[in-house]
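[1] here are the coordinates; sequence isn't available:
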């Protein structure tokens, strides 16, 4: 069933806030859009709407964490990463406080809100902060597993979620280890496609088209961006000759850069990075994915061109 990862977050945080009296939920005037408002419905005494004041939200979250609580702070990815980068670095990561930052509406699929709201640099700027964990789940089930996982860790985290509804990759019976890569399809060609977030779905859509022209790549879901499953990634690099990365993010600093770094340390490979190479435009999310060749057809075209 198609469901947005932000919606899955709302369902899971509403469950967790009832189960754990230490969990508190904060938002910056966007609780209806981020779905953090689901926690307010069931536990209003531990929900705080901070208004359009994201830096203050992170500072208050740091104080709550220092007082023994587990704050989940939500807003659009652009505003809870870019606008508040210094607060995250100095008030959360440096003292290693247990704050969970959940950014919805990431990437270009935020759509019509345009470039000002399209976070295509958030993984890069969060990944570079010492001690901050970064996750980018692909569907509702992986999202719920990630939120459950970070609620039990004693570390600052950033979880990247999306606005648009996405098809299920997994089902409710999947047992996750969100710290490891997920090989979704074991291919027969020596080609590997590493993908994250909703680009997992795009890569799976591209798969039968690639098989039709004689290529059967291994499709790898990389949810844990930091710390990454370095051993698992290196093993896949060693087993394959042609490597692709696919992300709804800048090709600089995100998944593509991560795989290049692991390759440089363990198993040098030529890596083809598919993603954003500049600002997008304002349009509906489906149009934007087509325009920037990040839908299934576009991913197929970009991979097949390199394999010719």
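    In hand now; what should we look at? This one's a predicted model, so the numbers in the text were calculated from it and none came from an experiment. Numbers count the residues shown, from 1 in each chain.

[2] Residue 169 looks like it's in a helix, true?
    No - the assignment for residue 169, made by DSSP: H, G, I helix; E, B strand; the rest coil, is coil rather than a helix.

[3] Surely it touches residue 201?
    Yes - here residue 169 reaches residue 201: they are 6.6 Å apart, a contact under CB atoms under 8 Å. Bear in mind the C-beta positions are built from the backbone N, C-alpha and C, glycine included.

[4] Can you show me the helices along this protein?
    Here the chain has its helices, by DSSP state H, at 5-19, 31-34, 37-42, 54-66, 77, 85-87, 122-127, 140-151, 199-212, 230-239, 255-266, 285-291, 296-307.

[5] Buried deepest among these, which one?
    Highest mean neighbour count of the helices of the chain: helix 77, a mean of 31 (counted as mean count of other CB atoms under 10 Å).

[6] which residues sit against that one?
    Identification of contacts with helix 77 by CB atoms under 8 Å, 6 or more residues apart in numbering yields 103, 104, 105, 106, 107, 119, 122, 160, 161.

[7] rerun that using 6 Å as the cut-off
    Applying CB atoms under 6 Å, 6 or more residues apart in numbering, the external contacts of helix 77 come out as 103, 105, 106, 119, 122.

[8] which of those residues sit farthest apart?
    Greatest spacing in the contacts of helix 77, by CB to CB: 105 and 122 (10.4 Å).

[9] who's the closest residue to residue 302 other than its chain neighbours bridged to?
    Leaving aside its chain neighbours, residue 302 sits nearest to residue 274 (5.1 Å; criterion: CB to CB, 6 or more residues apart in numbering). Beta-bridge pairing of residue 274 under DSSP bridges involves residue 246.

[10] Hmm, residue 274 is touching residue 303, no?
    No - the criterion here is CB atoms under 6 Å, and residue 274 misses it with residue 303 at 7.4 Å.

[11] out of everything not next to it in sequence, what's closest to residue 252?
    Nearest residue to residue 252, sequence neighbours excluded (CB to CB, 6+ apart): residue 124, at 6.5 Å.

[12] now do residue 144
    Spatial nearest neighbour of residue 144, chain neighbours left out: residue 12 (4.4 Å); criterion: CB to CB, 6+ apart.

[13] cool, and residue 30?
    Nearest non-adjacent residue to residue 30, counting by CB to CB, 6+ apart: residue 75, 5.5 Å away.

[14] so who does that neighbour touch?
    28, 30, 54.
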